[in-house]
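> Here is the input, now give the coordinates:
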Amino acid sequence: MTENGTKKVRIGVIGTGNMGSAHCQSVCTTENAELTAVCDIDKKKFANIPAEVRDKVCKYTSPELFFAQAPVDAVIISVPHYDHVPLAIQALRAGKHILVEKPIAPAIGMARMLIEEGKKYPHLVQSAMLQLRTMEAFCKIRELLASGELGRLMRINWIVTTWFRSQYYYDSGDWRASWRGEGGGVLTNQCPHQLDLLQWLFGLPSKVKAAVAIGKYHDIEVEDEVNAYMEFPNGATGIFVTSTAEAPGTNRLEIAGTKGRLIYENKEIKFTRNEVPSDKFLKNVKNIFGVPKSEDVQLPEINGITGARHFLLIQNFVNAILNGEKLVAPLHEAVNGLELGNAMLYSGLKDKTVTLPLDSDAYAEMLSDLVANSRYVKKKINETSGTAADLNASFS
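Purely as a prediction, here's the structure:
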């Protein structure tokens, strides 16, 4: 209980590495929340817990003991990708509210399984760590789209190559940039936030065709460059470009609608409105080279903060538990961005156009084959004298 009698949400964090330790710090500053337990298979990671609570929280190296004994109402899951779904399901079955890091799974089939399991526990709050939804710029863009300010959507271009990673980064762990360790590269590990925002703003495309480069610039076995083309149900088209090798990188979102064009870049939104919507103008103009007149629209200033805003998602999670506040990022919505990324990867590796919804069985089969030939798997097989099938069974 707080000093004024308000109930506190007791939160446990599973995984106390880079992100998990940051979440521990955020919980410590979240209103009406308390960090009461942590869990990590490597007890050395407990040194990452904020010093002011390090001796107060309960510590576990076994998830089973954590769920059986930890004094928690809710858990934040921040572990390697393949462990998200199994731990989230354990948490739900133990009666805990869950906040799951991105991506909620490496493969769409696993994510759909989690969502189906979650439907059995409607009384438990289930959220995903998709914190860029809290950024004022994207909230404003979504508002403009919903209000019809841009008219009918025609084209989307999003270049996001600000994910530069060095070879040293990838070499810092043999699970990094491996099919068995992460389940993918830039689409799975770096870009889930942009993929989520893309579908949050525009909806899912109906078709995807992508060119995917495997280890084009790095000595890795997963994708480090993607160029994808999308078709949306209303006829709009889109381009999505990402890379972990470009420097300086670009983060530019351009949206063309019949009523104008919006550009978001360098923490600034620029909106240019047509006096007459382009689809009406082109049918009625009698000038051979006529173009609709347009003007720049002065938008209210937005908060240009682009850094980590995980604390806002954690506060929203706590508020949802205590008073039913609407979730910013419900867990079931996290499936959409994951499906889009999986579709791009499947399209690129199979060299075919993919129609959504994505066939989860086909994707799982492809990923299983990639895992079986992963350098990470082969190393583990040599260390344990096991087989690829043994390792595949651990996450299927």
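> May I ask you to confirm that Gly337 is in contact with Pro192?
Yes: Gly337 is within contact range of Pro192, at 5.8 Å (criterion: CB atoms under 8 Å). Just so you know, the C-beta spots here come from the backbone N, C-alpha and C atoms, and that holds for glycine as well.
> so what sits against both of the two?
Common neighbours of Gly337 and Pro192, counting by CB atoms under 8 Å, 6 or more residues apart in numbering, are 103, 130.
> where along the chain do the helices fall?
Here the chain has its helices, by DSSP state H, at 18-28, 63-69, 84-93, 108-118, 136-147, 167-171, 192-202, 278-284, 310-323, 334-350, 360-372, 375-384, 388-392.
> Any idea what the closest residue to Pro205 other than its chain neighbours is bridged to?
Nearest residue to Pro205, sequence neighbours excluded (CB to CB, 6 or more residues apart in numbering): Met230, at 3.8 Å. Beta bridges link Met230 to Val208, Gly238 when assigned by DSSP bridges.
> okay, now Met230: neighbour count?
Residues lying near Met230 (other CB atoms under 10 Å) number 24.
> what pLDDT does it get?
Here the pLDDT value assigned to Met230 is 98.
> Any stretches of the stretch 251-396 of the chain with poor pLDDT?
Within the stretch 251-396 of the chain, the segments meeting pLDDT under 70 span 304-308, 376-396.
> same thing but at 50, please
Along the stretch 251-396 of the chain, the model assigns pLDDT under 50 to residues 380-381, 384-396.
> next one: the stretch 1-150 of the chain
Across the stretch 1-150 of the chain, the ranges flagged by pLDDT under 50 are 2-3.
> 90 - rerun?
Low-confidence segments of the stretch 1-150 of the chain, defined by pLDDT under 90: 1-6, 18.
> ok, back up a step: what about the helices of the chain, which gets the closest to Glu295?
Of all the helices of the chain, helix 278-284 sits nearest to Glu295, with 14.3 Å by CB to CB.
> how about stretch 340-357 as PDB, C-alpha atoms only?
C-alpha atoms of stretch 340-357 as PDB (Å, rounded to 0.1, in the frame of the first residue of the first chain):
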ATOM      1  CA  LEU A 340       4.400  -8.100 -41.200                       C
ATOM      2  CA  GLY A 341       8.100  -8.700 -40.300                       C
ATOM      3  CA  ASN A 342       7.700 -12.500 -40.800                       C
ATOM      4  CA  ALA A 343       6.000 -11.900 -44.100                       C
ATOM      5  CA  MET A 344       8.900  -9.700 -45.300                       C
ATOM      6  CA  LEU A 345      11.400 -12.300 -44.300                       C
ATOM      7  CA  TYR A 346       9.500 -15.200 -45.800                       C
ATOM      8  CA  SER A 347       8.900 -13.300 -49.000                       C
ATOM      9  CA  GLY A 348      12.600 -12.400 -49.300                       C
ATOM     10  CA  LEU A 349      14.000 -15.900 -48.500                       C
ATOM     11  CA  LYS A 350      11.400 -17.700 -50.700                       C
ATOM     12  CA  ASP A 351      11.500 -15.100 -53.400                       C
ATOM     13  CA  LYS A 352       7.800 -14.900 -53.700                       C
ATOM     14  CA  THR A 353       4.900 -12.500 -53.100                       C
ATOM     15  CA  VAL A 354       3.200 -13.200 -49.800                       C
ATOM     16  CA  THR A 355      -0.500 -12.800 -49.200                       C
ATOM     17  CA  LEU A 356      -1.500 -11.900 -45.600                       C
ATOM     18  CA  PRO A 357      -2.600 -13.400 -43.300                       C
END
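> Buried residues in that stretch, which are they?
Neighbour counts over stretch 340-357 (16 or more other CB atoms under 10 Å) mark 340-349, 354, 356 as buried.
> and those residues as CSV, adding distance to Tyr363?
Listed next are these as CSV, based on distance: CB to CB, whole Å:
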residue, distance to Tyr363
Leu340, 12
Gly341, 11
Asn342, 5
Ala343, 8
Met344, 11
Leu345, 8
Tyr346, 5
Ser347, 11
Gly348, 12
Leu349, 10
Val354, 9
Leu356, 12
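> Which two among these are spaced furthest apart?
Checking the buried residues of stretch 340-357 with CB to CB, the most distant pair is Leu349 and Leu356, at 16.5 Å.
> which residue sits farthest out from the middle of this structure?
Computed with CA atoms, centre = their mean, the maximum C-alpha offset from the centroid of the chain is found at Lys286, amounting to 47.9 Å.
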